[in-house]
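J.: Below are the sequence and a predicted model; questions follow.
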Amino acid sequence: MWSRMAGRPRLRDLVVCLAFLALGLVLYAADLTVIGGNSGSPFDMPRWLALITLAAACAVQSMRSTEPGLSFALCLVVVGVDVALAQSISVWLVLSDVAYAVALYAGRRTVHVMYATVGAITVLAVASVLAVDGSWRSVLLILLWLLALVISPIGYGRAIAEHRLAAQSERERSLAVAQLAARDRADAVADERRRLARDLHDIVAGHLSGIALQSAAALRAGPGSPITAEVLASVRSNSVEALGEMRTMIEVLGGVDAETGTDGEQEQSRRTASLRRLDRLVTTARTAGSPVTITGSAPPALPPSVDVCAYRIVAEALTNAARHAPAQPISVSLDATGTDLAVTVRNPLTGGDHPADTGRPSHGLVNMALRAESVGGRCSGGPQGDWWVVDASLPLRSDGTPVDHTPGVDAPGVSR
């Protein structure tokens, strides 16, 4: 019930002031209204005046949380009148609650004004007592009275207010952390989608481009040519390998090797994508009519991530070369000196289209660059004189692990 009223300040204040009014009536009925007993007021006023000041104080108290500053000011006026006419305990109890409400609900400026007002009243009360009887015992009683009924409620209200501010700050901080976590999850999902898009591009586009080039070579050779059988065999091999790589990716996405993490994914990809199987790419390009020469070799203990990355770069470069420079010689160079694996693929420019002519990046070039970045390396492609050159450098540590990196951001474009 109280929790429901907490969301309705006026109803809550009304309940509080009625409770204090009932307490004052009980004190009046028990003849405990006057401060110091039944000595009465110094002006010999009727005892029932305490009920009037109590009702006025409770009426002012009804604004304790909606208008705390005004409520405190009016309550001080009522207390001043009560001190002169009735000297009732119940009015001071109402002032105690109003001071607590100001400390809890009012702004800092209003609270500071209350501090100054209470300090001035304390000084004035002490000076008045000293001027009247000069008794330090009376001064001590006044200070204890103000401490119990005014200063302590103010301190208690400020403590609760500070606790509420701290709780609100913690809630806001928790919300900010949750938003950052949600943003990180969204970024991670976007990065994973880009990675999967690159993998699908390398698997589907690479193999389908190879099949298209080989089919065109078979059509040019004619059905009776001995080249046709070789081309069809290569087309079938490419199709089977594409299905195998797609199956591997589906198994990884389906959680077959969920416990193995990133290394497990690299090992899965390495089953069909490794420099040890570079001959498949060479066969595909040759059957499409492009002679390929390979110089150098990769080290035997190549890390899986670098192995898969280098294979994908060579596959994309060979596919692009066979498409844009058909029947032209292609050279592939592998150099594993020092701590870098250098991969270079060259083919002559034949005057046909290439990404430099379109004025926008291609998926193939962007994917090769991002794959190199994923292992801490670099990859670039472009014309150099009469040649189109794809140059990649994949750095390795002495222990064979890839250098730390920050992955790049994918970019749209057309495939070369």
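T.: In hand now; what should we look at?

J.: my guess is residue 380 is in a strand, correct?
T.: Yes: counting by DSSP: H, G, I helix; E, B strand; the rest coil, residue 380 is located in a strand.

J.: Just grab the bridge partners of it for me.
T.: According to DSSP bridges, the residues that bridge with residue 380 are residue 391.

J.: Give me the pLDDT value at it.
T.: We note a pLDDT of 90 for residue 380 in this prediction.

J.: domain ranges for the chain?
T.: 2-178, 179-395 (automatic domain parsing).

J.: After the helix-or-strand element of the chain with minimal mean pLDDT, which helix or strand is next?
T.: Least confident helix or strand, the chain: helix 355-358 with a mean of 49, by mean pLDDT, DSSP states H and E. Using DSSP states H and E, the helix or strand that directly follows helix 355-358 along the chain is helix 363-374.

J.: Extract the CA atoms of that next one and return them as CSV.
T.: What follows is helix 363-374, C-alpha atoms only, in CSV (Å, rounded to 0.1, in the frame of the first residue of the first chain):
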residue,chain,number,x,y,z
HIS,A,363,34.9,-7.4,-53.5
GLY,A,364,37.9,-9.5,-54.5
LEU,A,365,40.5,-6.9,-53.8
VAL,A,366,38.8,-5.8,-50.6
ASN,A,367,38.5,-9.4,-49.3
MET,A,368,42.1,-10.1,-50.0
ALA,A,369,43.2,-7.0,-48.1
LEU,A,370,40.9,-7.9,-45.2
ARG,A,371,42.1,-11.4,-45.0
ALA,A,372,45.7,-10.2,-44.9
GLU,A,373,44.8,-7.8,-42.1
SER,A,374,43.2,-10.6,-40.2
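
J.: What helices and strands are in contact with that helix?
T.: On a contact count with 3 or more Cβ pairs under 8 Å, 6 or more residues apart in numbering; DSSP states H and E, helix 363-374 meets helix 152-200, helix 304-324, strand 378-384, strand 387-395. (Glycine included, C-beta is placed from N, CA and C.)

J.: From what I see, residue 63 and residue 13 are in contact.
T.: Yes: using Cβ atoms under 8 Å, residue 63 makes contact with residue 13 at a distance of 6.8 Å.

J.: ranking the domains of the chain by burial, who's on top?
T.: Scoring these by mean neighbour count under mean count of other Cβ atoms under 10 Å gives domain 179-395 as the most buried, with a mean of 17.

J.: Can you get me the start-to-end distance on it?
T.: 36 Å (Cα to Cα, to the nearest Å).
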